[in-house]
Each structure stands twice: as C-alpha cells, then as structure tokens.
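> output the structure for:
(chains A, B, C and D, ligands or ions: 6)
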Amino acid sequence: MARLDVQIGGLTLRNPVTTASGTFGYGTEYLDFVDLGRLGGVFVKGTTLEPRQGNDYPRMAETASGMLNAVGLQNPGVDYFVEHLYPVIKEYDTHMMVNVSGSTIEGYVACAERLADLDKMPAIELNISCPNVKEGGMAFGTSVKSAAEVTRAVRKVFPKTMIVKLSPNVTNIAEIAKAVEGEGADAVSLVNTFLGMAVDAERRQPLLSTVTGGLSGPCIKPIALRMVWEVFHAVNIPIIGIGGICNWQDAIEFILVGATAVQVGTYNFIDPTATVKIVEGINDYLDRHGFKSVSDLVGLIRK
Amino acid sequence: MARLDVQIGGLTLRNPVTTASGTFGYGTEYLDFVDLGRLGGVFVKGTTLEPRQGNDYPRMAETASGMLNAVGLQNPGVDYFVEHLYPVIKEYDTHMMVNVSGSTIEGYVACAERLADLDKMPAIELNISCPNVKEGGMAFGTSVKSAAEVTRAVRKVFPKTMIVKLSPNVTNIAEIAKAVEGEGADAVSLVNTFLGMAVDAERRQPLLSTVTGGLSGPCIKPIALRMVWEVFHAVNIPIIGIGGICNWQDAIEFILVGATAVQVGTYNFIDPTATVKIVEGINDYLDRHGFKSVSDLVGLIRK
Amino acid sequence: MQVTDFIIRSNEALNDRNRLIKVTPADHRHLPPMQPGQFVQVLVDRSPGTFLRRPISINFVDREKNELWLLVQEVGDGTREICSRQPGEVVNLIYPLGNSFTLPEGKSDHFLLVGGGVGTAPLLFLGKELHARGFQVDFLLGGRSATDILQRADFEQYGTLYCTTEDGSLGEKGFVIHHSLWQEKRYDFIYTCGSRPMMVAVARLARERGVPCEASLENLMACGFGACLCCVEKTTRGNLNTCTEGPVFNTDMLSWLD
Amino acid sequence: MQVTDFIIRSNEALNDRNRLIKVTPADHRHLPPMQPGQFVQVLVDRSPGTFLRRPISINFVDREKNELWLLVQEVGDGTREICSRQPGEVVNLIYPLGNSFTLPEGKSDHFLLVGGGVGTAPLLFLGKELHARGFQVDFLLGGRSATDILQRADFEQYGTLYCTTEDGSLGEKGFVIHHSLWQEKRYDFIYTCGSRPMMVAVARLARERGVPCEASLENLMACGFGACLCCVEKTTRGNLNTCTEGPVFNTDMLSWLD
Ligand SMILES: Cc1cc2nc3c(=O)[nH]c(=O)nc-3n(C[C@H](O)[C@H](O)[C@H](O)COP(=O)(O)OP(=O)(O)OC[C@H]3O[C@@H](n4cnc5c(N)ncnc54)[C@H](O)[C@@H]3O)c2cc1C
Ligand SMILES: Cc1cc2nc3c(=O)[nH]c(=O)nc-3n(C[C@H](O)[C@H](O)[C@H](O)COP(=O)(O)OP(=O)(O)OC[C@H]3O[C@@H](n4cnc5c(N)ncnc54)[C@H](O)[C@@H]3O)c2cc1C
Ligand SMILES: Cc1cc2nc3c(=O)[nH]c(=O)nc-3n(C[C@H](O)[C@H](O)[C@H](O)COP(=O)(O)O)c2cc1C
Ligand SMILES: Cc1cc2nc3c(=O)[nH]c(=O)nc-3n(C[C@H](O)[C@H](O)[C@H](O)COP(=O)(O)O)c2cc1C
Ligand code: FES
Ligand code: FES
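Ligands and ions are numbered 1, 2, ... in the order given. You can find the predicted model right below:
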C-alpha cells in the first residue's frame, strides 16, 4: 500500500482528499454517509465576522453538467461558530478547516484572528473569490493588488497554515497566485466558482434572485485543470485543486497537473460518499501503477 | 408571423441565427443538412494571411457537456480562400462572412484588406481570441491595449461591417468590449472558447498534442450568458452571443440578456440541422408570446 | 439517511403524465423507519440534461412487501427519465430526507388533508399513519379533471375522499378552496401539499378558521440533506433549509400570508 | 449524407464485449447507396458522460430487409450506451460518411482483407462487395481467442477465412502478421482495419511485397463530416480529414512507415 499523506505548509493531511467549502456543511451533515476519519480534511462553510442571512431564494439553477449557486455566504458568523459549532466539530477525526470570507480587509482579519486561537484549527482557507456577495469577496481575488493586500493583512494575525483560495474569473491566475505566495500564503487552492448566469426563456426572468451566481461541477473541470497547471508552473507552494471532481480519475488528473491535494465540491450532492470512493480509487491507482507515494504524482505532466 | 430580421452594423441578417467560425466549415460541409438560405449568416473557418497546417493530432478531447479543440487555425490562407473558396460560397443564399485570424497586427490587416475587395463579403469577424495558436490570437483579446490596437488597425482598411470576437479568458470582458467599440467596431461577438486542458489519468499524458485547448459546448453557456449580459450593459453596439447554444431556448436566453444575434457552434456536430430548428423555434416563441419582432426581445432582462 | 440502490418492482401509468413506481432495496434489507412528509433524492443518471438528483416524496411505505412507492409526474427531463425506468432496473436513492407532518399523540382530532395535482403524493402515506393512530381523516383532492385525481381507491382506505375538478368531471366543480366542505365541517388540523398558490389559499382559509396548518414545500434543491443551503425558505426564524427543517412547515412560520 | 432516425431491429451479443445491432430507417425509406469503409455517426443521448456522437463502421447492408448492421465493441460510456439499446428503440444516425475502400473494376485480382478485433467490422461489407464483383477474397482475422473472431459464418459466404488467435484456440497461434498465408499466397491488394500497431505491421508487409495497401483509420472525431478539422491524419498531402478524405487511406500516403 502506497503512502497517501501529503504536506500543505506545516500541515500533514492523511490523504489528499478534502471537501470544498460550502458543499460539505460543517461535516456534520455527512456523518451518515462518510467516516470523516477517512478524509484528508474538511473545509467548512464560508464564515464571516458577522452572521449573514445570504441571498434570497431562488439560489440555485441547474446547468449542463453543473449548477449555479447564489447562496451568498449564509452563515451564523464567527462568534457563533467558535461558541457552538467548533466544540462539536473539533472532535471529528480529521482536520477541520474554516473558509474565511469577508467583504472588508478588517472583516477577514478579525475573523482569522478569532480562529487563530482555536487549538484544533490547524489552517484556514482565505476565500478571496466568492462571486456571490455584492460588497466584495471576488473583488479581492481579481486583482493582484487587493489579493496581495488581504493576504498580507491576514498573514499578520494567523500564524498557522494559511491557504488562499483563488478566483478563476481572471485573465492571469498565475500572477495572482504569485502575489499571494509573495505575501506568505502557505498554499493556494483553486478554483472557486465561475461567475455565470441562467435565464428562464419562457418567463423572461433570471433563474437566480441575484441574477448571476457561481458555476461549479464537472462543466468547469477542463478550465480548472488548466489553471492548476498554470499556477503549478508559477509558484513553489502547494496547490489544492478544485473544480468538478467526481471520481478518482478526476482527482488523479488534478494531481498530475500539479495539485498536492484536492477538494471535492458539488459532486458530494450527487454522491455523498464520493470522497471516500476517491480515496480508495487513488490508493488502487498508486498500487496498480507501482507508485510508492501519491506525492510522486504531483505535477508529473510537464510542459 | 413575427419579424426575424436583425441589424448588425450596416448589415441586415434575415434572422438572428448564424454559425460559429470553425464549426461550420465553409458552409459547403452542411449543404446536405441545411438550406443555407434559412440562416441569418455563416461565419466561415478562421482565415489567416498565410496557409496554416494547424496543430498535430490529437486535436480534440471530449469533456463534460463539451469538448476541447486544438485545431490551431488550420486553413489554406486568404489567397487560396479568395481564389478558390470565395467563388463557390459567394453563390450561397446567405451572408458568408470570414473570421479573420492572425498572430501579428500586420497579418490581420493584410488579411482584412484582401477581403475588403470582395463584393459579396459584407462583414468580417476579427478573431482576437483564439487560444490555440502560440504566437498570438488570444493574446490580443486579453488586454485592452492590444485589443484596441488591432481593431484600430483593421478598421482603417476594412470599411464594411467589422465584428470583433472577444475572448472569455479575461477578468473584465466589458472593458475590452468598450475598447473595441471605441476603435470603431460595428459589433462584438462573444465568446470564443475557454482555455482548458484534459488529461489521460491512466497514461499520465495530456489528451491534446498542444496540452491546452479551447473549451466549447453547453458547459460554457452559463458563463457566456453572463458575459453577454455584462457587455450589453457596457456598450451600445450590437452583440452576437456565442457559447453552448443547442436549441431555441438557448438562443432566446442569449437574446434576452442582450444579444442581437447568435452563433451556433459545437452543437452543429451533434445535430447538423440544429440551426434551422432554432430559427423555427424562435419564430414559434415570438408568435406564442405575441412579440412582433425578435428585436423586441433584445436585452429584455434588465439589471 | 442512507444512499441505497433499489430495484424497480413496478412502474404503472396512472394517467398520461403520472406514474406510480414501486421499489424495494436491492440488498433486500428492511426499509428503515420513515415518516409521512419525508422524501427521497433520486439519482438521474441516464439523462444528459440532468445533473442533480431529483426530490420525490414518499408516497407510501408497504412494510409487508418492503416496498417504497413514488408517485412521479413528468414535468422535465429528470422526471421523464425516472418514469422511463423499467421493472428490474436499479434506481439509487438517498433517503429518508426531511422532517415530517406533525403526528399528534392519540387524541380524537379531525384532520383535513388538502392536495392538488401530484402534491397529493405525500398525503397517502400521511393519511395512512393518521388513520393508524385512530384519527379521523378527510382528504380533499383537486385536479383539472377526474383523471388527475390519482390513487382514489388507496385514499379511500384511510378516510373520506372529497374531490374538486375544474371541469366538474369528478366531485364538485372548481378549486379545492371552493369545496362546500369548508362551510360544513370543522377540523383540528389542516395539512396541505400542492402548488404554491393552492397552498397559500388553503393556509389563508385555515388561518381564518383559527386551525393550525402545515404545508409541504417543493423548493428547488441541490443536495437534499442540509449541505448546500440552496433550498431556503424565508420564515419567522430566518432562512431555513426546506430539506432539513422542512419540507413541512407550519404555515404561520412562512411569509406567505404577510 | 443525411440525419435519420433508425429503429433497432435486433441487438445480439456476439461475445461479452461485442454486439451486432441491426437497424432500419424509422420512416421505412430505402437505404441510400453506401460503400464499404464508410461509417455512421451515432447519437448517444442517454449517457450523461457522453457529449459527441460516436463513429461506427458500416458492418453490412442487407438490402432485402433494408437493414444496416453495426458491430459495436463496448469500450466506454458511449459504446456501452449504444449497446444497451433494445429492439424497438430509436437511434439517430448521420450517414453515410467517409470515403471507401477502392473497389477496382472487374479484374480477376486477389484480395487479402486483414482485420483485428472489432476492426473486422467494415471488412464484412467490403468482402461482400468484392465478392459480388467477382474478385477472389481471403479474410485474415485475428483475436486473442476464438470468441474474439466475430461473424465467422458471414465472412465465409464471401471468401476464404483464415484466423490467428493469441491463445491458439482458433486458426494459427499468434498474430495476423505471422500467419503462414503471408509466405504462401500473393495478393494484388491488401486492405486492413484494426488497431494501429496491427495496421502498421500489415502495411509494412504489404510494402515489402510491393502490394498496394489500404487501411481504415479510427481517429478521434468530433463531427464526422469535415466541419471541425479535429480528425486529421498527417499524410504526404498534408493534414487530411480522416472523416472525409478517409477513413480509408492508401498506406503509402501515411507517415507510418517513415
Ligand atoms: C420535497 C419535494 C418533494 C417532491 N415530491 C414530488 C413527488 O412526489 N412527485 C413529483 O412528481 N414531484 C415531486 N417534487 C417535484 C419534483 O422534484 C420536480 O418536479 C422535479 O425535480 C423536476 O425535475 P425535471 O428534471 O423533471 O424538471 P426540470 O426540467 O428540472 O424542470 C421542469 C419544470 O419544473 C420546475 N421544477 C423543477 N424542480 C422543481 C421543484 N423541486 N419543485 C417545483 N418545480 C420544479 C422547473 O422550474 C421547470 O419549470 C417534489 C419536490 C420536492 C422539493
Ligand atoms: C471511422 C471509425 C469507425 C469505427 N468503427 C467502429 C466499429 O465499427 N465498431 C466499434 O466498436 N468501434 C468503432 N470505432 C471506434 C469507436 O468509435 C470508439 O470505440 C468509440 O468512439 C468509443 O466511445 P466510448 O464512449 O465508448 O469510449 P470513450 O469513453 O470515449 O473512450 C474509451 C477508450 O476508447 C478510446 N477511444 C475513444 N474514441 C476512439 C476512437 N474513435 N478510436 C479509437 N479509440 C477511441 C479512448 O481513447 C479511450 O481510451 C470506429 C471509429 C472510427 C473513427
Ligand atoms: C452551494 C455552494 C456553496 C459554496 N460556498 C462556498 C463558500 O462558502 N466558500 C468558498 O470558498 N467556496 C464556496 N463554494 C465553492 C466551492 O467550494 C468550490 O470552489 C466550487 O464549487 C468548485 O468545485 P466543484 O466544481 O467541485 O463544486 C460553494 C459552492 C457551492 C456549489
Ligand atoms: C473545432 C472548433 C474550431 C473552432 N475554430 C474557430 C476559429 O477558427 N475561429 C474562431 O474565432 N473561433 C473558432 N472556434 C470557436 C467557436 O467559433 C465558438 O466561439 C466556440 O466554440 C463557442 O461556441 P459553442 O459553445 O457554441 O461551440 C472553434 C470552435 C471549435 C469547437
Ligand atoms: S437542498 Fe441543500 S441544503 Fe437543502
Ligand atoms: S471529425 Fe470533424 S472534420 Fe473530421
């Protein structure tokens, strides 16, 4: 049996398979389906300084091999998280990591500060790429300057592993990855959702209350793979690959183009046991092809 | 029966349904399937100053609800086009328009100049967004400055309708649309393909000879719709909507968010008669909903 | 909650748009406890246009045969694909999902269960459970025409069946909210499932009469088990997940009547 | 070329991975003229993982029954979906596509048709047409085992059948290029279809013997009718579309033997 553990900054994951923020709740929602102890880690729902009610219904539209969402970071706020959710999830036998979202630099910083104190919170993922909140989020992730700024500010208050989650809605994602690497990010995760739109032709109305929303699912995989590949050739920090991963083949593809770990997102809705199957599939693949460690696969596909 | 004709710059199309460059050959390939006289127009294969052999095989990979291509602008060059292809296709009973591609400004200009002389060539589409040629193409379409430059240069030599085809691989497509509008483009068409990648996990190799290629098909529709919608709110010239259009519903969706006409691309491979069905479907829709003209639908979905 | 393969035992057309599909676990294990109002998420893996699962109510649980019944109306690609499955084929379900209609403890209350169209689906199972607890149950089902009122014989096993049809081909002519029953009888609880306008109208009648009312919502869902927050309904307690805190809500909690 | 709905008349398993599917136009019209080597593009509309059509050779044309035969090997989602279609169901084809094997005019030439695996598919139709023109045809078919050599009885109607199997369970043991035939007989034309390594080896033998050789390629295709330029093969005349200038090429044109 090959080694599955991987290193993300100072953090060791038992295997490269983690879950994408906003698609796996707080892990709790999946306890009936998944033994969390078999996952590399869980990225919980995007958390903001203040509680947020999120956007109005409808928040979802199905698209070809994917979906749009406009949840808008509905969450009970970091204080509630620390007091009521953290005590429960810190008992889970995997790394539970928070996706930190915000609309101002101060918001990100204050939220990250609160989380830095938590013993069993080894890492945060800085979400500078949410397309679903008017006031910001994605805006930070679409310019080198603001991506660098927010990374620098949070780096000052969060000494543990800091992963920055990048937006794919940009001309040059490698440039942004380099910028956040320069500001001390321990890793980058990509991609967040693509800004998209869906329309009801018969009623002549948008299908989302917010008109536009974030596209996820297998439809985005080819673009996400390309972006991971580009970033891999631009930075020296580890990459967590995200975008349409449904099975072990997809996960291996992301690893081959440069991801050290992966996140499974939307497909959890279709098969809530997908993550565990992916862990098994990667393990089989390594044995079948005679690899000693999953790390040996990272970036094997070269320019 | 409602009016289907639409206006693109100085050009009147008999209906809003045209075909996307590179997916409809020179029209000739579809004569068995489609009465070209029923289409608004045909955008023929990307044409360059010099003949091009294109990229090596394999040039295609299927993806979820879409495909990647890396044809790389294989074409016999503008001289061959003018001498051998134009005489044939100018007899077709629809607007035959050339997609002008290049890797240098001089190449675009020289190619457009050759085409300007042709009587029955009412318009060209300036392809500043092909992701499949190393030396350029897409590079022009991903910066405001170079998009403006090439538009300005071609505008000087091409007095008839000039449509500029935009790349979706950018942070802010509206900005680029505004820039080419400022340089005298009569219309913009969007989107070209998204830069993507596909990998054979078992063989640990890219599936395309060029590693990356252009993603098209229904998978990209939600992003393309959003981009048309953004551009519609930024410019005053007409928009030709492109991206994953398969049926009349899709076409109506693009029109509702701001497209004056549409191009059907990849789906022609799956149903070569799709274009004609879309014309019929739009016509039925207009009658059913009591619209007098398809123009009345353009941009009906407002911010 | 579990993810389970089922075998299709039968698939019967009830009219031109609705099919009754009976399934049993492929591994022959006993069905787990289920409550009326709960639903399943059906995997749709043979329709290129469909990506997500589709929520379908638990229509009935036949414990003797270890069968689950689904009543499915063909409205789009997903439901059409589900309806095309033949006996012997496999269908994958996540279930049981959601809360349930309130089943009070053994008082002799009168219940009115109001359904429209395929919204009658969860009411059969609900009627059976209420009946089993000794309650008196009236069903009031509406449709456009007699052929739209499904599973009549089944409903009649568990209570008295009243109908309205828009064309008058069965029961009283008109809509459920215009049935003479509303003038004649008093109920302790009213439960409803159907189109939103119908449920809003029923909730309004219930409120006028001061009767507690529960409605089962059919919000769009991505996951069905509380992970995505896509299915929210605005309530007096903020945005709640229809899939976990619903689909059944007391209508006083909803913003419908404001 | 036309886009036509066909009805599946029969779908027979020839072994565990290959099925012979016979179809007839849904509108009962006569099949158009078709040439051996041509292919159809099959619409795959019940597999979420499949987007494009799938190219399948014309295996045989039964003019009396107005039937087209497709021999399909299950290798992935697309071919599996095609193979799952039941008699009575509809399948949509674009056809006939591509060029064809050269059919010389009435000389008394000897032909060798070499096929491997499902690559034997177009050779049956080809053999029949050559036979009908009075040519003498030898078939040399290879597979791993006897069960891989499909449609033997059909082939024997139109020529002499020689086989190789890797396990020796039928004909000579080994690969087609090692069959003793190569030493014993001389041919005027060699036509081949199968895996690329096999065809390259056959082309090499043909060249050694100075015999003209045609091979049918199976390049990846998006459209199948010349519109996308995805299926190109590098030839002495530059990049040519396999779907319109092929799938059959004289092997001297290909870069294989360089
Ligand atoms: C908790 C719950 C229980 C349900 N129980 C049943 C049941 O027992 N039997 C049954 O036939 N249907 C039931 N539905 C509705 C069913 O889920 C939808 O009809 C189905 O998802 C439509 O999928 P489709 O692919 O066929 O249609 P689509 O192509 O997705 O949509 C076709 C049309 O139906 C509308 N639609 C899609 N999804 C829903 C939805 N969830 N609710 C309302 N309208 C929708 C669309 O807006 C569109 O107008 C239930 C829904 C929920 C949320
Ligand atoms: C002109 C032509 C004629 C053909 N005739 C026949 C025939 O008569 N019977 C038959 O069974 N098959 C035939 N094929 C091959 C058939 O088209 C492929 O097997 C099919 O497209 C695979 O689709 P899939 O979805 O099942 O597999 P996928 O999931 O798409 O692929 C599975 C595996 O097959 C490989 N593959 C996919 N497409 C092709 C292809 N076109 N050629 C070679 N390998 C491929 C993939 O690389 C992958 O390794 C023909 C192909 C061509 C181009
Ligand atoms: C319903 C939903 C909610 C999401 N919420 C968040 C979030 O709160 N924070 C975040 O960084 N990403 C969020 N995402 C994005 C995912 O984490 C992931 O980046 C994206 O869905 C692409 O991966 P996938 O294609 O595997 O789903 C959300 C995605 C979905 C579908
Ligand atoms: C095989 C192929 C070749 C293409 N060649 C060109 C081209 O030469 N010039 C161009 O501007 N766009 C080209 N495109 C892009 C299409 O014109 C269109 O912009 C894109 O495919 C998106 O539309 P669709 O999703 O409907 O296919 C090509 C696309 C495909 C699939
Ligand atoms: S459908 Fe996902 S939370 Fe309700
Ligand atoms: S497959 Fe499209 S040109 Fe050959």
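
> list the contacts of the strand or helix carrying residue A:139.
In the assignment (DSSP states H and E), residue A:139 maps to helix A:138-141. With contact meaning CB atoms under 8 Å, 6 or more residues apart in numbering or on different chains, helix A:138-141 is reached by A:128-131, A:146-147, A:149-150, A:165-167, A:169-170, A:176, A:192, A:195. Yep, even glycine has a C-beta here, placed from its N, CA and C like the rest.

> ok, residues contacting whichever strand or helix holds residue C:111?
Applying DSSP H and E as the criterion places residue C:111 in strand C:110-116. Contact with strand C:110-116 is made by C:121, C:123, C:126-127, C:130, C:135-143, C:159, C:176, C:181, C:185-195, C:198, C:202, as judged by CB under 8 Å, 6+ apart.

> circling back: can you show me the CA trace of the helix holding residue A:139 as CSV?
Extracted in CSV, the C-alpha atoms of helix A:138-141 (Å, rounded to 0.1, in the frame of the first residue of the first chain):
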residue,chain,number,x,y,z
MET,A,138,-14.5,38.1,-5.5
ALA,A,139,-13.2,41.6,-6.0
PHE,A,140,-10.2,40.8,-3.8
GLY,A,141,-9.4,37.8,-5.9
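
> just to check, residue C:179 is in contact with residue C:172?
Yes. Using CB atoms under 8 Å, residue C:179 is in contact with residue C:172, at 5.4 Å.

> with neighbour numbers in mind, choose between these two.
In terms of neighbours (other CB atoms under 10 Å in any protein chain shown), residue C:179 is the more surrounded of residue C:179 and residue C:172; the figures are 20 against 17.

> give me the subset of the contacts of strand C:110-116 touching ligand 2.
The subset of the contacts of strand C:110-116 within reach of ligand 2, by CB under 6 Å from any ligand atom, is empty.

> quick one: buried ones out of the residues you listed?
Applying 16 or more other CB atoms under 10 Å in any protein chain shown to the contacts of strand C:110-116, the neighbour count classes C:121, C:123, C:126-127, C:130, C:135, C:137-143, C:159, C:176, C:181, C:187, C:189-194, C:198, C:202 as buried.

> give me the spatial nearest neighbour of the closest residue to ligand 5 within the stretch 101-250 of chain A, chain neighbours excluded.
At 13.3 Å from ligand 5, residue A:216 is the closest residue in the stretch 101-250 of chain A, using CB to the nearest ligand atom. Setting aside the residues directly before and after it, residue A:216 is nearest to residue A:266 in space (CB to CB, 6 or more residues apart in numbering or on different chains), at 4.5 Å.

> that neighbour contacts residue A:23, correct?
Yes. Because the distance of 5.9 Å satisfies CB under 8 Å, residue A:266 is recorded as touching residue A:23.

> separation between residue A:236 and chain B?
Distance, residue A:236 to chain B, using CB to the nearest CB, to the nearest Å: 21 Å.

> need the contact list for that residue.
Contacts of residue A:236 (CB under 8 Å, 6+ apart): residue A:181.

> which parts of chain C sit against ligand 2?
Checking chain C against ligand 2 by CB under 6 Å from any ligand atom, there are no hits.

> may I ask which helix or strand of chain C has the lowest mean pLDDT?
helix C:181-184 (a mean of 92; mean pLDDT, DSSP states H and E).

> ok, residue A:266 and residue A:23, which is more surrounded?
Neighbours were counted for residue A:266 and for residue A:23 using other CB under 10 Å; residue A:266 has more, 30 against 25.

> what about residue A:237, helix or strand, and which?
Using DSSP H and E, residue A:237 falls outside every helix and strand.

> wait, doesn't it sit right on residue A:186?
Yes. In this structure, residue A:237 is within contact of residue A:186 by CB under 8 Å, at 6.3 Å.

> what about the helices in the chain?
This is for chain A. Listed in chain order, the helices of chain A (DSSP state H) span A:78-80, A:86-89, A:105-116, A:138-141, A:144-157, A:173-182, A:221-232, A:248-256, A:267-270, A:274-289.

> oops, I was thinking of chain C
All helices of chain C, identified by DSSP H, fall at C:77-83, C:121-132, C:152-156, C:181-184, C:196-209.

> which residues does residue 207 contact?
In the absence of a named chain, this looks at chain A. Residue A:207 sits next to A:58, A:61, A:68, A:198, A:199, A:200 when contact means CB under 8 Å, 6+ apart.

> sorry, should have said chain C
By CB under 8 Å, 6+ apart, the contact set of residue C:207 is C:213, C:251, C:252, C:257.

> next one: residue C:123
Neighbour list for residue C:123: C:113, C:115, C:139, C:141, C:155, C:191, C:193 [criterion: CB under 8 Å, 6+ apart].
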